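Enquirer: coordinates only, no sequence provided:
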């Protein structure tokens, strides 16, 4: 289990934390030991969830490169 | 350059290579059919990004030249078409070539596409590319093919295991998808520059771009509302399915047996899809950062546009 796991676990299971994180991602992320790239991605995730709701993730584009998969 | 313009040139190269081979009409038609699946270069609405990765990398590495790399871009397209067909055979997924000619002939078509990719690399010499560079391109493609085969072996073997780690799941993504994108970029870069640092940088760009793209694919394959894929049913060990356990979700606890939509909904609520999205986005950032390292004088807009959006 890494710090990204822990942040997301809180995000999806703790309603109070979720409200705080979507309102102010930087403050919520401050309690976790994350790389700059992870911080940036988790901030983007919070922003997407805040503006688009659950569909932000569910609607991720299928087959962007027609990969062998 | 308009990507559609590039794809038109690649399509012409593919047609010329098939014509040159002197094949029986039916076999040539099947090779063309394999290259006309949705989005591929001979389809009515081509959107394949494989040739664009090679041409974009050549353009970025050389500072603007790409014409001589057209045969290599065509080789990548044929190589991927062969692998796509093999994968559909192994997974039992729908495929236009298999539907048209059955599994035995489809295997022969896949072999033909693999050989076509080799022939097309050799056609680089017709564009004035030196023998040493043609050899280097061939080395890149065969090295990638071996790595990808190993990744496919692990992927299939994982299906029968009750559990694999996240690291093992990511290793398969690295060997299969990231290696291929890196290969497409390294071949293009090698045709544009003899500087190993540039080739290495564009190869690493491709690796991260490939990781990001495949993880987004894997996410979409199990997200609610997307068309059914065989991933859940077959027990594929993709990151969203493997990481579900970390988020406290197991197939047995999440939904009644066989109710894939209920399982997908539980997966979405567990955090596993969020996690996969974040891992993919970190790779996307790293790919973009690597391109920026090339410097402002290099034309990198085409490659940036190929990064997956999630």
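Expert: Done, it's in. Because the structure is a prediction, the values reported are computed rather than measured. Residues are numbered from 1 along each chain as shown, chains lettered A, B, ... in the order given.
Enquirer: where are the low-confidence patches of chain B?
Expert: Counting by pLDDT under 70, the low-confidence segments of chain B come to B:1, B:226-230, B:251-252, B:254, B:310.
Enquirer: tell me where it has helices.
Expert: B:3-20, B:25-34, B:50-62, B:70-91, B:96-122, B:131-159, B:166-173, B:179-192, B:196-222, B:239-243, B:251-254, B:260-270, B:272-293, B:301-304 (DSSP state H).
Enquirer: tabulate the ones you listed (CSV), appending distance to chain A and mean neighbour count.
Expert: C-beta coordinates here come from the backbone N, C-alpha and C atoms, glycine included. Listed next are those as CSV, based on distance: least, CB to the nearest CB, whole Å; neighbours: other CB atoms under 10 Å in any protein chain shown:
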stretch, distance to chain A, mean neighbour count
helix B:3-20, 13, 18
helix B:25-34, 13, 17
helix B:50-62, 8, 29
helix B:70-91, 5, 25
helix B:96-122, 12, 18
helix B:131-159, 8, 16
helix B:166-173, 9, 19
helix B:179-192, 7, 30
helix B:196-222, 4, 25
helix B:239-243, 8, 25
helix B:251-254, 14, 12
helix B:260-270, 6, 19
helix B:272-293, 4, 22
helix B:301-304, 13, 18
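Enquirer: residue A:6: which of these is closest?
Expert: Nearest to residue A:6 among the helices of chain B is helix B:272-293 (10.6 Å), distances taken as CB to CB.
Enquirer: compute the inter-axis angle for the closest one and helix B:166-173.
Expert: Following axes from the mean of the first three to the mean of the last three CA atoms, to 10 degrees, one obtains 50 degrees for the angle between helix B:272-293 and helix B:166-173.
Enquirer: quick one: low-confidence ranges for chain A?
Expert: The model of chain A has pLDDT under 70 over residues A:54-69.
Enquirer: geometric centre of it: which residue is closest?
Expert: The residue lying closest to the centre of chain A (CA atoms, centre = their mean) is residue A:45, at 3.5 Å.
Enquirer: and the host helix or strand of that one, which residues are buried?
Expert: For residue A:45, the host element (DSSP states H and E) is helix A:36-52. For helix A:36-52, burial by neighbour count (16 or more other CB atoms under 10 Å in any protein chain shown) applies to A:37, A:38, A:39, A:40, A:41, A:42, A:44, A:45, A:46, A:48, A:49.
Enquirer: possible to save these as a markdown table with distance to residue B:119?
Expert: Output for these, formatted as a markdown table (distance: CB to CB, whole Å):
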| residue | distance to residue B:119 |
| --- | --- |
| A:37 | 41 |
| A:38 | 45 |
| A:39 | 48 |
| A:40 | 44 |
| A:41 | 42 |
| A:42 | 47 |
| A:44 | 44 |
| A:45 | 46 |
| A:46 | 50 |
| A:48 | 45 |
| A:49 | 49 |
